[in-house]
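Visitor: Whatever this is, show me its structure:
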Amino acid sequence: MSGKKNRVTWNTKTITILGMMIALTIVLTRMLAINIGGYVRLSAGSVCTILTGLWFGPVAGGVAGAIADMLGLLIAPSGTWMPLITISAALWGVIPGLFAGTIYGTSRQKTFRLCLIVICTSLVCQLGFTLAGLVILYGWGIIPARILQFAGSTPLYCVLVSLLYASPVTGIVRTETGIA
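Guide: This next block holds a predicted model:
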């Protein structure tokens, strides 16, 4: 694989699309989320960060995830700021960006690889960093609810990421930003 093929060109279009993905993440995570109890929030905001990592690479994905988390907390506070949760938000973009080069083959193979990336990312982020941060803030009692959230949201993320990554949007983003 050539190094130039997956390099992000930091131009106006790239920064504009990153800004739109950050804004979409904030809207989906903070405003259109379904809150269940005090510790479980079902949203599709992480899908935007995953796609940002897949499209633009780990650095852009991580920056977008961290900025979306911090701006979201300023715009619509949902508790105390916890650095582990911000790290988790960044990793939602970093991990898929690191493995974006493994998405090739038939449509079925691509979908399988995308789902593996999403599941691994979800394990690290939801059951790793985010859960650790929430346990520090609120105690061990939240673990069962967070495991149920993981079990419910991960399949949804797999479906949404697979559909959106296979859609014409990916080609448009790559062409417009010079990634392809």
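Visitor: what's near enough to touch the spatially closest residue to Leu114 that is not a sequence neighbour?
Guide: Spatially, and ignoring its direct neighbours in sequence, Leu114 is nearest to Ser162 (5.0 Å; C-beta to C-beta, 6 or more residues apart in numbering). (Each C-beta comes from the backbone N, C-alpha and C, glycine too.) Contact analysis of Ser162 by C-beta atoms under 8 Å, 6 or more residues apart in numbering lists 110-111, 114-115.
Visitor: secondary structure element for Ser162?
Guide: helix 143-166 (DSSP states H and E).
Visitor: what's near enough to touch Phe56?
Guide: Counting by C-beta under 8 Å, 6+ apart, Phe56 has contacts 8, 14, 18, 64, 97, 177, 179.
Visitor: any idea whether the last one is helix, strand or coil?
Guide: Classification of Ile179 into helix, strand or coil gives coil, according to DSSP: H, G, I helix; E, B strand; the rest coil.
Visitor: so where do the strands sit in this structure?
Guide: 34-36, 40-42 (DSSP state E).
Visitor: For the ones you listed, give me JSON lines that also has distance to Thr52 and mean neighbour count.
Guide: Output for these, formatted as JSON lines (distance: least, C-beta to C-beta, whole Å; neighbours: other C-beta atoms under 10 Å):
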{"stretch": "strand 34-36", "distance to Thr52": "23", "mean neighbour count": "11"}
{"stretch": "strand 40-42", "distance to Thr52": "20", "mean neighbour count": "15"}
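Visitor: Can you say which of these is nearest to Tyr138?
Guide: strand 40-42 (11.8 Å; C-beta to C-beta).
Visitor: For that closest one, which strands pair with it and how are they oriented?
Guide: Next to strand 40-42 in the sheet, as set by DSSP bridges, lie strand 34-36 (antiparallel).
Visitor: Now the partner strand: average pLDDT?
Guide: Mean pLDDT, strand 34-36: 82.
Visitor: Number the chain from 433, please
Guide: Fine by me, first position is 433 from now on; the one you just mentioned is strand 466-468.
Visitor: how far out from the middle of the chain is it?
Guide: Its chain's C-alpha centre and that of strand 466-468 lie 19 Å apart, by C-alpha atoms, centre = their mean, to the nearest Å.
Visitor: what comes into contact with that strand?
Guide: 473-475, 577.
Visitor: With stretch 492-512 instead?
Guide: Taking C-beta under 8 Å, 6+ apart as the rule, stretch 492-512 contacts 440, 446, 450, 453-454, 457-458, 461-463, 473, 477, 480-482, 484-486, 488, 513, 517-519, 521-526, 528-529, 569.
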